[in-house]
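> Mind folding the following:
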Amino acid sequence: AIGVLVATTLSLIALIVGTYYLLGSYSKGAEHYYRANHDILTGLPNRGLFFDRFSQAINQAKRNKSNLAILFIDLDNLKTINDAYSHDAGDALLIEVAKRLKASVRVSDTVGRIGGDEFVVLLLGSDTEAHVLQIAENIRQSLMKPVSYEGNELTSSASIGIALHPMHGE
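Modelled structure (predicted):
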């Protein structure tokens, strides 16, 4: 009976240790995947993940004969803010821009950061051109609101380009 108890105890210890290492390995894998596919500063999908989602969305839109839109957003004065205040101020602005962009669209839409001051928004199943233009205007207005940083009011604006599928082609 003592032999069975020792064997059972050792088996349970081995199972617990194995589970611990397995979960640790899974956690590290998930962290590596996240870091490889997301912008570290904003947490948004990076260029690679965004274009993967876009590719899937365009194929689905073709299959379902549905619409989608892409908004390309370029902040107009990030360099000026970096030079006048600091790169930390510019980073604070980028983080706030990411939050405002996400708040301006549905959870099912994708907001990504593809460059230093360049963001993209993928709107799935966009009903009409007017609807997309209204979303773009809401985003533009949101991005014009000042961002507070260490007692300073940082102001920015954005240029927004819009492409609609299938109206504007592939």
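
> Show me the shaky parts of the protein.
24-29, 127 (pLDDT under 70).

> And the top helix by length along it, what does it pack against?
Assignment by DSSP state H gives helix 2-37 as the longest helix of the chain. Contacts defined by 3 or more Cβ pairs under 8 Å, 6 or more residues apart in numbering; DSSP states H and E place helix 2-37 against helix 47-64. Any C-beta I mention is one placed from the backbone N, CA and C, and that applies to glycine too.

> re earlier: from the chain's centroid, how far away is the longest helix of the chain?
32 Å (Cα atoms, centre = their mean, to the nearest Å).

> Just the buried positions in that helix, please.
Asn37 (16 or more other Cβ atoms under 10 Å).

> The most centrally placed residue in the chain - nearest residue in space that isn't next to it in sequence?
With distances taken as Cα atoms, centre = their mean, Leu44 lies nearest the centre of the chain, 2.2 Å away. Leaving out its chain neighbours, the residue that sits closest to Leu44 by Cβ to Cβ, 6 or more residues apart in numbering is Arg113, at 4.6 Å.

> can you check Asp39 too?
Arg113 (4.3 Å).

> For the one you found, which residues count as its bridge partners?
Following DSSP bridges, Arg113 is listed with bridge partners Phe119.

> Make 52 the first number, not 1, from now on.
Okay, residue one is now 52; in that scheme the one you just asked about reads as Arg164.

> That one: how many residues sit nearby?
25 (other Cβ atoms under 10 Å).

> so who does Arg104 touch?
Contact analysis of Arg104 by Cβ atoms under 8 Å, 6 or more residues apart in numbering lists 96, 161, 163, 173.

> For those residues, pick the one with the most neighbours.
That'd be Gly163 among the contacts of Arg104, by other Cβ under 10 Å, with 25 neighbours.

> ok, that residue to Tyr85 distance?
14 Å (Cβ to Cβ, to the nearest Å).

> Could you do Asp168 as well?
Where Tyr85 is concerned, Asp168 sits at a distance of 23 Å (Cβ to Cβ).

> go on, Leu174?
Leu174 sits 24 Å away from Tyr85 when distances are taken as Cβ to Cβ.

> Repeat that for Leu56.
Where Tyr85 is concerned, Leu56 sits at a distance of 43 Å (Cβ to Cβ).
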